[in-house]
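Trainee: Take this sequence and fold it.
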Amino acid sequence: MAGPATAATAPAGTPSAAQATVTLRYDDSRAAGWESAIAAGVASWNANVTNVRLVEAAPGAVAEIVIVATTGWPQATLGPVRPGRQVRVELGSQAVDQGYDKTRIAAHELGHSLGLPDTKPGPCSQLMSGSSAGTACTNATPNATERSRVQAAYASAVAALVPAGGRTLVDAP
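Mentor: Residues are numbered from 1 along each chain as shown. The predicted model follows:
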């Protein structure tokens, strides 16, 4: 059983040695049918930011990000989530039924948990433009500005003490 989220210091000599990596656990046990999209969305964030890491929670362990599948529109609690706090991500099938990409949806909603609001309207190159980019958009990678904002939100272990935003953002067009 995994313990609570932790902040781990980067090895000496790395560019981010003065910063800590915040590890956040997610629980997708109630998101049947979304597993590969969630894994791809998590992989995208983990490949693009260095001071926060998303890892799957062990069965029965407490997770900071609880992911569930719903029949409505995708929505998420606005973070940035911190260790010891919990946010909810709802991956809604209504968006998929209208043609939106599951991986983009998952990565976008995780972006809310990491503290990013919507940037609607916006181009496909902005992950947080969400549905305003249209159903043909499959980009699930945060752009430089989005990466920078998440990096800033998790810039130090001290940031872990700042409470999450807590608003729920519904991503209907």
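
Trainee: When you work out contacts or count neighbours from here on, use the C-alpha atoms and nothing else.
Mentor: Noted.

Trainee: surely A133 meets N139?
Mentor: No. Using C-alpha atoms under 8 Å, A133 is not in contact with N139, being 9.5 Å away.

Trainee: residue boundaries of the helices in this protein?
Mentor: Assigned by DSSP state H, the chain shows helices spanning 35-48, 93-97, 102-113, 144-153.

Trainee: so where is the chain shaky, pLDDT-wise?
Mentor: For the chain, the stretches flagged by pLDDT under 70 are 1-19, 156-173.

Trainee: any idea which residue sits dead centre in it?
Mentor: L110 (1.9 Å; C-alpha atoms, centre = their mean).

Trainee: who touches both of A133 and N139?
Mentor: Shared contacts of A133 and N139 (C-alpha atoms under 8 Å, 6 or more residues apart in numbering): C124.

Trainee: For V55, see how far away V96 is.
Mentor: 25 Å (C-alpha to C-alpha, to the nearest Å).

Trainee: residues near A69, how many?
Mentor: 18 (other C-alpha atoms under 10 Å).

Trainee: what about the nearest residue to it once chain neighbours are set aside, neighbour count?
Mentor: Spatial nearest neighbour of A69, chain neighbours left out: A31 (4.4 Å); criterion: C-alpha to C-alpha, 6 or more residues apart in numbering. Neighbour count of A31, defined by other C-alpha under 10 Å: 18.

Trainee: circling back to that earlier point, quickly compare the helices of the chain and say which is most buried.
Mentor: helix 102-113 (a mean of 27; mean count of other C-alpha atoms under 10 Å).

Trainee: Alpha carbons of that helix, as CSV, please.
Mentor: In CSV, the C-alpha atoms belonging to helix 102-113 read as follows (Å, rounded to 0.1, in the frame of the first residue of the first chain):
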residue,chain,number,x,y,z
LYS,A,102,-10.1,10.6,-25.0
THR,A,103,-6.4,11.2,-24.5
ARG,A,104,-6.7,14.9,-25.0
ILE,A,105,-9.6,15.0,-22.6
ALA,A,106,-7.6,13.1,-19.9
ALA,A,107,-4.5,15.2,-20.3
HIS,A,108,-6.6,18.4,-20.3
GLU,A,109,-8.5,17.5,-17.1
LEU,A,110,-5.2,16.5,-15.4
GLY,A,111,-4.0,19.9,-16.3
HIS,A,112,-6.8,21.4,-14.3
SER,A,113,-5.7,19.3,-11.3
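
Trainee: any residues touching it, and which ones?
Mentor: Counting by C-alpha under 8 Å, 6+ apart, 34, 36-38, 40-42, 44-45, 65, 74-81, 87-91, 96, 117-118, 127-128, 130, 138-141, 169 sit against helix 102-113.
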